[in-house]
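>>> Give me coordinates for this.
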Amino acid sequence: MIKQFKESSTNAILTIGDIEVLNNFNTSNQLGYYTFIWTGKDAITVKVDSVNKVLQPHSITALTPLQYFKLEQDNTATVYQFNKEFYCIWEHDKEVSCTGILFFGNQVIPSVVLKDSEKEKFETLHQILVDEIATKDTIQAEMLRVLMKRFIIKTTQLIKAEHPDDIAKTSKMDLLREFNRLVEQHYKEEHQVSAYAEMMNKSAKTLSNSFAAYNKSPLNIIHDRIILEAKRQLYYSEISSKEIAFSLGFDDPSHFSRLFKKHTGESPTTFKAKVEAQI
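Numbers count the residues shown, from 1 in each chain. Below you'll find the model as predicted:
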């Protein structure tokens, strides 16, 4: 059983289902979505970034869109998948953001085995999510985001408590995670890969070569974050596209408009008009 929420104005997607959600991953491919795998009474064998991993029974594992994933052996599981437009478009506390502990804030693959008392809490939350994703009304998107944030908060708390030594410090992060965290901190004022390379004491060429295994370059990641924030402001605020351009560090609003259209296929003005027409 697979249920999906889509929000056309922001391209937000949330998918909730069983192991069938991952059926297309019989060969190794990038997930493309932030993903939670919550196993049932049996373990599941997977391969993440070419490394074999056994997901223990009654455990929750968090994966990022950039990770390569292969389902080696499937069993009963609940799967949640969402994109940046669904969750990252909102402002969140650092630890539960899209660059937080569960995604780009941890060197290891975050996973936690649930105790019986915690299983009951998560099962209740899951049932509310399933009910809400089937309820079509004007506040559905907001409710689903709030519920998903609750799931992320609870999972983060458990992983911090069970694996305190696995929470990576900035100096020990791998290159990909460190770059994503720096982009999150500086994307409004720094738009060039060279600026981040300097922060990391690397050359821009070294960064680009390090990202060669992924389908996104360092510049793609910077631009994606800028566009995501632009969409958030166009959707949730009344300020003009010119003001948004300045807030995102563009001296010339036309440069911002060209970048936005290149990534979305429409101008900021057109995007805003479509949003207003749907409200």
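>>> all contacts plus neighbour counts: C-alpha atoms, from now on.
Fine.
>>> Low-confidence stretches in the stretch 1-150 of the chain?
The stretch 1-150 of the chain contains residues with pLDDT under 70 at 105-107.
>>> what are the ranges of the helices in it?
Assigned by DSSP state H, counting those that start in this stretch, the stretch 1-150 of the chain shows helices spanning 84-87, 116-133, 140-162.
>>> Out of the ones you listed, flag the one nearest residue 228.
Between residue 228 and the helices of the stretch 1-150 of the chain, the shortest separation by Cα to Cα is 7.0 Å, and it involves helix 84-87.
>>> if we look at the closest one, which residues are touching it?
For helix 84-87, the external contacting residues (Cα atoms under 8 Å, 6 or more residues apart in numbering) are 10, 11, 12, 13, 14, 33, 34, 98, 145, 228.
>>> Packed most tightly, which of the helices of the stretch 1-150 of the chain would that be?
helix 84-87 (a mean of 21; mean count of other Cα atoms under 10 Å).
>>> Report the distance from that one to the chain centre.
7 Å (Cα atoms, centre = their mean, to the nearest Å).
>>> what do you get for stretch 179-199?
Distance, centroid of stretch 179-199 to centroid of chain: 18 Å (Cα atoms, centre = their mean).
>>> what comes up buried for that stretch?
For stretch 179-199, burial by neighbour count (16 or more other Cα atoms under 10 Å) applies to 179-184, 187-188, 190-191, 193-194, 196-197.
>>> And for stretch 263-279?
267, 268, 271, 272, 275.
>>> What mean pLDDT does that stretch get?
Averaging pLDDT along stretch 263-279 gives 84.
>>> all strands for the protein, in order.
2-7, 12-18, 29-30, 34-39, 44-48, 51-55, 59-63, 68-73, 77-82, 111-113 (DSSP state E).
>>> Contacts for the shortest one next, please.
Residues external to strand 29-30 that are found in contact with it (Cα under 8 Å, 6+ apart): 65, 66, 67, 68, 69, 70.
>>> rerun at 6 Å
Residues from elsewhere that reach strand 29-30 (Cα atoms under 6 Å, 6 or more residues apart in numbering): 66, 67, 68, 69.
>>> And the residue of the chain most remote from its centre, how far from residue 244?
Among residues of the chain, the one most distant from the C-alpha centroid is residue 252; the distance is 29.6 Å, by Cα atoms, centre = their mean. Between residue 252 and residue 244 the distance is 11 Å, computed by Cα to Cα, to the nearest Å.
>>> ok, the nearest residue to residue 101 once chain neighbours are set aside to residue 154 distance?
Computed as Cα to Cα, 6 or more residues apart in numbering, the closest residue to residue 101 that is not its neighbour in sequence is residue 95, at 5.6 Å. Note on residue 95: its distance to residue 154, by Cα to Cα, is 11 Å.
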